[in-house]
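[1] compute the structure for the input listed below.
(4 chains)
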Protein chains: 2
Amino acid sequence: MVADNLGMDIDSLDGPLGHRVYSVLRNGILDLTFPPGMVLRKAALCEQLGVSRSPVAEALGKLSSEGLVDIIPQSATRVSQLSLGELREESFLREAVEVAAVAKVAIERTDEQLTRLSRNMRLQALLAEDHDYQGFFEADVDFHALIMEFTGYPKVAAAAGQLSLQLRRARMLLLPKEGRSDETLQEHQAILDAIRHQDPVTARKAMSAHLGQLITRLAPLEQQHPTYFRST
Amino acid sequence: MVADNLGMDIDSLDGPLGHRVYSVLRNGILDLTFPPGMVLRKAALCEQLGVSRSPVAEALGKLSSEGLVDIIPQSATRVSQLSLGELREESFLREAVEVAAVAKVAIERTDEQLTRLSRNMRLQALLAEDHDYQGFFEADVDFHALIMEFTGYPKVAAAAGQLSLQLRRARMLLLPKEGRSDETLQEHQAILDAIRHQDPVTARKAMSAHLGQLITRLAPLEQQHPTYFRST
DNA sequence: AGGTGTCAACTAACATGCCAGTTGAAGGAG
DNA sequence: CTCCTTCAACTGGCATGTTAGTTGACACCT
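    So this is what the prediction gives:
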């Protein structure tokens, strides 16, 4: 008897059934409800979700092409494990994209966009003060998502999210001991200031410095959670 | 009676059947055998490929998530049309990634890598001299792919390809009248020189200038091939 | 007891039957 | 003649039966 309530299913009213189970599985993987390495049994998922195998297969296929599940032909399919190398690659990509984006936003920003970023910053400060690390994490993600949105390039925003899925999963692991809210807050403030002053060069540097520190904090995780990482 | 020979199917021996039809369709879309806007009938594809609907559905699903086909629920699925806005977005992404990549490669390059790039450059010059624009185009793609490979980040190379699928399709349209081989050659040479001298700053600028010119050449296509572009 | 061959149970992959939503054209009303 | 309604044919989404390949364990041979 495994955990069977997945917190959602039919209330995700939107679109095709296949897309809904995709969302459910994806969320479960990203918030580590399905830990890396866990085997996903199609039959079990069908029973729990109350659907047939077709939409589940479709969902697993998509997740596979996103790298969130490894699917071994004719054998099994399991939640993909993390690897430090892959995290480094995603970090490189994320930095490349977000640095370019923040430079563009710094130049073209409107006052209304600046206001929205400021509002998010105050929210971050509030949550950090309350030691609500979960909420702080979400506000942090929103901060970056806002900048992506302000590029005016919806596809860029979507791609930036897709490209750092593994990073997002890894960051969940160091959530509990987030004693770093203050530093993060300062780094975000530096980025915001550069955007405010419409200074793309400084914005680039601030974003680069902010993102660059993440990978060094991720490295120790391989020892702390060996089962979550690829054996190589 | 439509064109029915797709030049390959079973000779792509690798992996699952679904993945093979995916490859076939993808290639057809990218080389404009399936022009943008063309409706893809599942039944017809099944007959032509000699497979059932499951692998075809799976393939179309993947292509949909890559943005190569638009799939209208309960109605039809057609090859996605181009849009100048989307091309601009991809251009932005591509520049962000490739500029970051070339800077890294410039710093870390080995002599062996430099040799392979040089060899590719000589091939480009040869093909340009012979006015073999098709071959030149492929060598051009290889040049960029080599740089991506030399980052040592296989996922980055893969992502760079995925992120500029629409661009690659659009470039097929301006292939016939490639009177620009000489300029392209010079720009590639500038990039190679910067890599040779291990000068990341110059490499960035050269790559940025090289990629930046593409979008301006793409803009007129919307008028020349109106049926290939989204009606908006 | 250690290594090996075989077999049974499980898995994903594929084929096919069924259903619901969409669309476009034809026919009737204004 | 134009617009609206209706309906039939076609589409993709879903369920389920079938097939082939992998795996792990048990028994058998050495």
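[2] drop to CA atoms for contacts and neighbour counts, all remaining ones
    Will do.
[3] what is the mean pLDDT for stretch A:53-67?
    Across stretch A:53-67, pLDDT averages out at 92.
[4] alpha carbons only: can I get that stretch in CSV?
    In CSV, the C-alpha atoms belonging to stretch A:53-67 read as follows (Å, rounded to 0.1, in the frame of the first residue of the first chain):
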residue,chain,number,x,y,z
ARG,A,53,-2.8,3.2,-20.2
SER,A,54,-2.9,5.4,-23.3
PRO,A,55,-2.8,8.9,-21.6
VAL,A,56,-0.2,7.6,-19.1
ALA,A,57,2.0,6.3,-21.8
GLU,A,58,1.7,9.7,-23.6
ALA,A,59,2.6,11.6,-20.5
LEU,A,60,5.6,9.4,-19.7
GLY,A,61,6.8,9.9,-23.3
LYS,A,62,6.7,13.6,-22.9
LEU,A,63,8.5,13.5,-19.5
SER,A,64,11.1,11.2,-21.1
SER,A,65,11.9,13.7,-23.8
GLU,A,66,12.2,16.4,-21.1
GLY,A,67,14.7,14.2,-19.3
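[5] is chain B contacted by that stretch?
    Yes. Part of stretch A:53-67 sits near chain B under the criterion CA under 8 Å from any CA of the partner chain, namely A:58, A:61-62, A:65.
[6] sort out which of those residues are buried, if you could.
    A:58, A:61-62 (16 or more other CA atoms under 10 Å in any protein chain shown).
[7] in JSON lines, list these along with distance to DNA strand D.
    Listed next are these as JSON lines, based on distance: CA to the nearest atom of the strand, whole Å:
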{"residue": "A:Glu58", "distance to DNA strand D": "8"}
{"residue": "A:Gly61", "distance to DNA strand D": "13"}
{"residue": "A:Lys62", "distance to DNA strand D": "13"}
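[8] give me phi/psi at A:Val79?
    Per-residue torsions, A:Val79: phi -60, psi 130 (degrees, to the nearest 10).
[9] which ones are touching it?
    Contacts for A:Val79 (CA atoms under 8 Å, 6 or more residues apart in numbering or on different chains) come out as A:29, A:34-40, A:68-70.
[10] so which of the residues you listed sit within helices?
    Within those, residues falling in helices by DSSP state H are A:Ile29.
[11] just to revisit the earlier point, and which of the buried ones among the residues of stretch A:53-67 next to chain B is nearest DNA strand C?
    DNA strand C lies nearest to A:Gly61 out of those, by CA to the nearest atom of the strand, at 7.2 Å.
[12] give me the element that closest one is part of.
    Following DSSP states H and E, one finds A:Gly61 within helix A:53-65.
[13] who in chain A is up against DNA strand C?
    Counting by CA under 7 Å from any atom of the strand, chain A comes close to DNA strand C at A:40-43, A:54, A:57, A:71-77.
[14] elements contacting the helix or strand of chain A with the lowest mean pLDDT?
    Least confident helix or strand of chain A, by mean pLDDT, DSSP states H and E, is helix A:42-49 with a mean of 88. Secondary-structure packing of helix A:42-49 (3 or more CA pairs under 8 Å, 6 or more residues apart in numbering or on different chains; DSSP states H and E): helix A:53-65.
[15] other residues contacting the helix it packs on?
    Contacts to helix A:53-65, defined as CA under 8 Å, 6+ apart, come from residues A:17-19, A:21-22, A:25-26, A:42-43, A:45-46, A:69-71, B:58, B:61-62, B:65.
[16] repeat for stretch A:148-168
    Stretch A:148-168 is contacted by residues A:30, A:66, A:68, A:82, A:86-87, A:90-91, A:93-94, A:97-98, A:101-102, A:104-105, A:109, A:113, A:145, B:86, B:89-90, B:93 when judged by CA under 8 Å, 6+ apart.
[17] quick one: that stretch to chain centroid distance?
    Relative to its parent chain, stretch A:148-168 has a centroid offset of 10 Å by CA atoms, centre = their mean, to the nearest Å.
[18] in it, what counts as buried?
    So stretch A:148-168, judged by 16+ other CA under 10 Å, has buried residues A:148-151, A:153, A:155-157, A:159-161, A:163-167.
[19] rewinding a little: adding distance to A:Glu222 and neighbour count, write the contacts of A:Val79 out as JSON lines.
    Converted to JSON lines, the contacts of A:Val79 look like this (distance: CA to CA, whole Å; neighbours: other CA atoms under 10 Å in any protein chain shown):
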{"residue": "A:Ile29", "distance to A:Glu222": "18", "neighbour count": "20"}
{"residue": "A:Phe34", "distance to A:Glu222": "18", "neighbour count": "17"}
{"residue": "A:Pro35", "distance to A:Glu222": "14", "neighbour count": "18"}
{"residue": "A:Pro36", "distance to A:Glu222": "12", "neighbour count": "21"}
{"residue": "A:Gly37", "distance to A:Glu222": "14", "neighbour count": "18"}
{"residue": "A:Met38", "distance to A:Glu222": "17", "neighbour count": "16"}
{"residue": "A:Val39", "distance to A:Glu222": "20", "neighbour count": "16"}
{"residue": "A:Leu40", "distance to A:Glu222": "23", "neighbour count": "17"}
{"residue": "A:Leu68", "distance to A:Glu222": "18", "neighbour count": "23"}
{"residue": "A:Val69", "distance to A:Glu222": "19", "neighbour count": "24"}
{"residue": "A:Asp70", "distance to A:Glu222": "19", "neighbour count": "20"}
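[20] which of the contacts of A:Val79 fall within strands?
    A:69-70 (DSSP state E).
[21] closest to chain B among the contacts of A:Val79?
    Nearest to chain B among the contacts of A:Val79, counting by CA to the nearest CA, is A:Leu68 at 13.7 Å.
[22] any idea how many residues pack against the closest residue to that closest one other than its chain neighbours?
    Among residues not flanking A:Leu68 along the chain, A:Ser80 sits closest, at 5.4 Å (CA to CA, 6 or more residues apart in numbering or on different chains). A:Ser80 has 23 neighbours, counted by other CA atoms under 10 Å in any protein chain shown.
[23] confidence score at A:Ser80?
    At A:Ser80, the model reports a pLDDT of 95.
[24] and the residues of chain A next to DNA strand C, which is closest to chain B?
    Nearest to chain B among these, counting by CA to the nearest CA, is A:Pro73 at 8.0 Å.
[25] measure the closest one to B:Leu17 for me?
    A:Pro73 sits 11 Å away from B:Leu17, going by CA to CA, to the nearest Å.
[26] more neighbours: which of these two?
    Comparing A:Pro73 with B:Leu17 by other CA under 10 Å, the one with more neighbours is B:Leu17, at 19 against 9.
[27] who's in contact with the more buried one?
    B:Pro55.
[28] tell me where chain A has strands.
    Going by DSSP E, chain A shows strands at A:69-72, A:76-79.
[29] distance to B:Glu183 added to these, as TSV?
    Formatted as TSV, those follow (distance: least, CA to CA, whole Å):
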stretch	distance to B:Glu183
strand A:69-72	44
strand A:76-79	48
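[30] those: which one's closest to B:Pro200?
    Checking those against B:Pro200 by CA to CA gives strand A:69-72 as the closest, at 36.3 Å.
[31] contact partners of the closest one?
    Outside strand A:69-72, the residues that touch it by CA under 8 Å, 6+ apart are A:60, A:63-64, A:77-80.
[32] which ones are touching the residue nearest to A:Leu68?
    With CA under 8 Å, 6+ apart, A:Ser80 has these contacts: A:36-37, A:67-70.
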